[in-house]
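> Build the 3D model from these lines:
(chains A and B)
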Protein chains: 2
Amino acid sequence: MSVTGTGPIAPDDLDTRSLLQSIRAAIAEGDVDLARLCANRMLEDDALALLEDLEPGELSRLFTFLGDEALAGLLARLDDRDAARILTRMTAAQAADILEEIDPDDATDIFAEVEQSNPDVAGTILFEMEPDEAAEIRELMAYAPDSAGGIMTPAFVAVFPDLRADETVVALRQVAEEAETINYVYVVDRDETLIGVLSLHSLVLSRPETPVSQLMFPDLFSVSVDVDQEVAARMLVERDLLALPVVDAEGKLAGIITADDVADILEEEVTEDIERLGGSQPLEVPYLRATPLLLFRKRIGWLMILFIASFFTVSIQEHFDSTLARFTVLAAFVPILIGTGGNVGSQTVSTIIRAMALDEVRPHHILRIVGKEALTGLALGLVMGGLMFGRAMLAEDGSETIALVVGLTVLALTIWAATVGAVLPIVLSKLKFDPAVVSAPFISSLVDSTGLLIYFTLAGYFLPI
Amino acid sequence: MSVTGTGPIAPDDLDTRSLLQSIRAAIAEGDVDLARLCANRMLEDDALALLEDLEPGELSRLFTFLGDEALAGLLARLDDRDAARILTRMTAAQAADILEEIDPDDATDIFAEVEQSNPDVAGTILFEMEPDEAAEIRELMAYAPDSAGGIMTPAFVAVFPDLRADETVVALRQVAEEAETINYVYVVDRDETLIGVLSLHSLVLSRPETPVSQLMFPDLFSVSVDVDQEVAARMLVERDLLALPVVDAEGKLAGIITADDVADILEEEVTEDIERLGGSQPLEVPYLRATPLLLFRKRIGWLMILFIASFFTVSIQEHFDSTLARFTVLAAFVPILIGTGGNVGSQTVSTIIRAMALDEVRPHHILRIVGKEALTGLALGLVMGGLMFGRAMLAEDGSETIALVVGLTVLALTIWAATVGAVLPIVLSKLKFDPAVVSAPFISSLVDSTGLLIYFTLAGYFLPI
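Numbers count the residues shown, from 1 in each chain, chains lettered A, B, ... in the order given. All right, here's what the predicted structure looks like:
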């Protein structure tokens, strides 16, 4: 069993194992057709990780058999970090050839991983690359990885507005292989300032002599290089675009973000949201790659903060020690009371955090939300409080008064948990804090402490203490 | 304050309010330019919901001013249910004209909402539509809304393999307005069976006389009409496609799913995952549209199940009543112990559920995952258990033995919570149950009960009872 995720293939991966044997055999015997067949199987089965099990010498021979383009196709489907690890095990010249075949935005992401783990190798690879392509990577490396600049590709097509439709088609024919998409052709003036866009189909469907300036849409959406990648991705999705132009500080067209990258960005952001909501920091690597040490580091922070804050619950119970000593049955209801409060808080906070991420809920809606949640909490509390009252009547050492106290506590707690679970993330975001700190465990812990206070206060009021 | 979400605009939406006044004025005075200006503002500010505040008569006049195409553009940006509500307030003829202008897949979704709330009106609208377009909607209505058939559009372009490139361009010119995308042209044989695909750019960049059969890729991805929408969406994303063909049982091309719909599908699925993870059923409407009654219904089910299961915690504490009576300080630590267990469970389950949704984790990884999580739980438990031991030493009525018991309980609970939070969703999915029932509150409640048993068992072992 491997817990690091980088060890040998697990014994239950029988298919993957035999595939590895086949590919090794193909390499050893120089059987190019079998190597190609195996490469296709790897793509189909999503078993690309087994490239990592090949020795450097085997990888180099595979490169010779399959060529840089085929190998680039395989690596592009891998996680950036895994692709980087494989690249560093090949010769710098081979790695350079492969990176040249990958779209510059994706190549830069992989290169960034190589540089982080192995700066010397990264330098050599860059040196071995064609000057043009090395320059593109250098340029893209200058942007923050999670900004629009960091995810854009410079492989767009731009033309001047006085070009004719037929001339543009001829021009496209020359660059089509290099460009990441030719669905949109951008129009720039002599300063490279973005002034419009036209679609490939308007080009195809127009008369040959029409100038581009007549075909283009001048009102186009664009983002600045330093905008957050999630903002750019949402814009692309909401406007149903296939690509979004990115401009630099002077309005010059610097690159484009293509629709194929958007789903990855949104998935990454959603994964972070879910992990935060569960009460840990984002892992930032696929789960199977996360070592126990990494999992520990991402979880211990919040766990410790909430743990220390929860010491307060110990103090509260110590404070009400004499009440508990006289009415020991009260202690029996503590877990179910605070558990229910925590559950309602978790339900509410996950719904609200998601609604905020989708921009469905904004800070000025706060009053509507409080009203809605307080009412929902009231309804939940009436049902659950009634149930609780019934159960408490059956308890040994119980009494009607104690049943009333626990029933009322459930009612108060559901209203409180629903309200605070909805309001806290909104208030935090209004105060410019990150609402993501309000996780389900955060609300549960908060409700634990405050719930105990409510419980013992009600007990003090109704019981003869 | 409006809690239903369909009432009047909240007083803090000042901009929206003045926009509503302007549009009303434009309608009353027949000022077409102002109406157009307002429509643009509504699009920019995402304030389309205010269309619902217009009276039926006002909507009809707006239709006359702006035309069906502009109004279709506005409605297409709204939630399906809201768009349906507005349509039913117009005349059937106007509603039919508008639906004809919307892409058939989206028009069908809106029409389905009209039919659900108002079948008579739906029938009349269908009657008023052009026969071709009414037939398309009828056909699409036959598929389950969350299947590939339910989200596909029949507005694709298909040609026979013996057509020449230049003939195809001429054909495209005729259908370009109707088609949802002409980036891909599909190739079918005389039985309408899908046999290949070619991209618009291969068409543009090839010699005019080349037959389509030479330009097409024969190995193409497709899905069946009854495949789940999420499976289709993920396929499109993973293969970086702009559109995915959908075939019926006989292999005939029935429609295509376009990339612009994919982000919506994935967002919908993610929202459901997050709401389930928080312990409620998916709302299925935007949060602000959810009434307290709906919120109540979506939350009460799980809350009640977990509440009743938690009665077990009461019984456990009643069972250990004599222990608690002799060592009242034990009760003081119950909330922090079970709270910490719940937090670790929540951290783990959200990470695992997300990894499963991304297909990063599969059932056969279970041993690796158990090892990883048990080790992580051990590390977390050593740190937190140590802290707990220290705090318990400071408690009034505390003793070294009691501190040892609470410290060991933390250690056991973190290991247990991390392991069960990871294993349970995987085991459920292996048993063909929906792993989404394992929410953060579910794990917390499970850990509450089992944690108490561990706690009192350890206490019984170490303390003189």
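> now the helix or strand where residue A:61 lies: mean pLDDT?
Secondary structure from DSSP states H and E places residue A:61 in helix A:56-76. Helix A:56-76 shows a mean pLDDT of 85.
> Other residues contacting the helix or strand following it?
Remark: after helix A:56-76, the chain's next helix or strand is helix A:80-87, criterion DSSP H and E. With C-beta atoms under 8 Å, 6 or more residues apart in numbering or on different chains as the test, helix A:80-87 has contacts from A:48-49, A:51-52, A:59, A:75-76, A:78, A:95, A:98-99, A:106, A:109-114, A:117, A:125, A:285, A:289. All C-beta atoms are positioned from the backbone trio N, CA, C, and that covers glycine.
> For ChimeraX, write the select line for the buried members of those.
If you want just the buried ones from these in ChimeraX, going by 16 or more other C-beta atoms under 10 Å in any protein chain shown, the selection is:
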select /A:48,49,51,59,75,76,78,95,98,99,106,109,110,111,112,113,114,125,289
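> Narrow the contacts of helix A:80-87 to those in helices?
Counted as lying in helices by DSSP state H, out of these, are A:59, A:75-76, A:95, A:98-99, A:106, A:109-114, A:117, A:125.
> Out of those residues, which is nearest to chain B?
Checking those against chain B by C-beta to the nearest C-beta gives residue A:76 as the nearest, at 9.4 Å.
> need the contact list for residue A:242.
Per C-beta under 8 Å, 6+ apart, neighbours of residue A:242: A:181, A:183, A:184, A:258, A:259, B:183, B:242, B:259.
> give me phi/psi at it?
phi -90, psi -20 (degrees, to the nearest 10).
> next one: residue A:158
Torsion angles, degrees, to the nearest 10, at residue A:158: phi -130, psi 140.
> burial of it, as a residue count?
16 (other C-beta atoms under 10 Å in any protein chain shown).
> for it, what are its contacts?
A:185, A:186, A:187, A:188, A:192, A:253.
> ok, the fifth one - how many residues close by?
Spelled out, it's residue A:192. Neighbours around residue A:192, by other C-beta under 10 Å: 14.
> thinking again about what came up before, how about the helix holding residue A:61, does it reach chain B?
No: using C-beta under 8 Å from any C-beta of the partner chain, helix A:56-76 stays clear of chain B, with a minimum separation of 9.4 Å.
> Any buried residues in that helix, and which?
Residues of helix A:56-76 classed as buried by neighbour count (16+ other C-beta under 10 Å): A:58-59, A:61-63, A:65-66, A:68, A:70-76.
> Ok, stretch A:261-279 next?
A:261-279.
> Repeat that for stretch A:400-408.
A:402, A:403, A:404, A:405, A:406, A:407, A:408.
> cool, and stretch A:374-388?
A:374-385, A:387-388.
> So for it, mean pLDDT?
94.
> Ok, stretch A:191-210 next?
Stretch A:191-210 comes out at a mean pLDDT of 83.
> Endpoint to endpoint, that stretch covers what distance?
23 Å (C-alpha to C-alpha, to the nearest Å).
> gap between it and the chain center?
35 Å (C-alpha atoms, centre = their mean, to the nearest Å).
> can it be found next to chain B?
Yes: on the criterion C-beta under 8 Å from any C-beta, stretch A:191-210 is in touch with chain B at A:200, A:201, A:203, A:204, A:205.
> want to throw these into a markdown table with secondary structure?
Shown next, in a markdown table, are those (DSSP: H, G, I helix; E, B strand; the rest coil):
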| residue | secondary structure |
| --- | --- |
| A:200 | helix |
| A:201 | helix |
| A:203 | helix |
| A:204 | helix |
| A:205 | coil |
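> Residue A:146 is in contact with residue A:228, isn't it?
Yes: between residue A:146 and residue A:228 there is a contact at 6.6 Å, judged by C-beta atoms under 8 Å.
> Which helix or which strand is home to the spatially most central residue of chain A?
Of all residues in chain A, the one closest to the mean position by C-alpha atoms, centre = their mean is residue A:268, 1.8 Å from it. In the assignment (DSSP H and E), residue A:268 maps to helix A:259-277.
> Now do the contacts for residue A:294.
A:283, A:285.
> Quick check: it vs residue B:416, distance?
21 Å (C-beta to C-beta, to the nearest Å).
> List the buried residues of the top helix by length along chain A.
Counting by DSSP H, the longest helix found in chain A is helix A:400-430. In terms of neighbour count (16+ other C-beta under 10 Å), helix A:400-430 has its buried residues at A:402-426, A:429.
> possible to save the residues of stretch A:191-210 next to chain B as JSON lines with neighbour count?
Listed next are the residues of stretch A:191-210 next to chain B as JSON lines, based on neighbours: other C-beta atoms under 10 Å in any protein chain shown:
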{"residue": "A:200", "neighbour count": "24"}
{"residue": "A:201", "neighbour count": "18"}
{"residue": "A:203", "neighbour count": "22"}
{"residue": "A:204", "neighbour count": "18"}
{"residue": "A:205", "neighbour count": "18"}
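> So what's the model's average confidence on the longest helix of chain A?
pLDDT averaged over helix A:400-430 gives 93.
> Also stretch A:318-331?
For stretch A:318-331, the per-residue pLDDT averages 82.
> I'd like to know which elements the longest helix of chain A is packed against.
helix A:329-332, helix A:334-357, helix A:366-393, helix A:440-462 (3 or more C-beta pairs under 8 Å, 6 or more residues apart in numbering or on different chains; DSSP states H and E).
> Between helix B:440-462 and the second one, find me the angle.
In this structure, helix A:334-357 runs at an angle of 150 degrees to helix B:440-462, with axes from the mean of the first three to the mean of the last three C-alpha atoms, to 10 degrees as the basis.
> okay, helix A:334-357 in CSV with CA atoms only?
C-alpha atoms of helix A:334-357 as CSV (Å, rounded to 0.1, in the frame of the first residue of the first chain):
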residue,chain,number,x,y,z
VAL,A,334,-26.1,18.5,25.9
PRO,A,335,-24.8,16.5,22.8
ILE,A,336,-28.2,16.3,21.1
LEU,A,337,-28.9,20.0,21.7
ILE,A,338,-25.6,21.3,20.4
GLY,A,339,-25.5,18.7,17.7
THR,A,340,-28.8,19.8,16.3
GLY,A,341,-27.8,23.5,16.5
GLY,A,342,-24.6,22.6,14.6
ASN,A,343,-26.6,20.7,11.9
VAL,A,344,-28.9,23.6,11.2
GLY,A,345,-25.8,25.9,11.1
SER,A,346,-24.1,23.6,8.6
GLN,A,347,-27.2,23.4,6.4
THR,A,348,-27.5,27.2,6.3
VAL,A,349,-23.9,28.2,5.9
SER,A,350,-23.3,25.8,3.0
THR,A,351,-26.4,27.1,1.2
ILE,A,352,-25.4,30.7,1.7
ILE,A,353,-21.8,30.4,0.9
ARG,A,354,-22.7,28.7,-2.4
ALA,A,355,-25.3,31.4,-3.2
MET,A,356,-22.6,34.0,-2.6
ALA,A,357,-20.2,32.2,-4.9
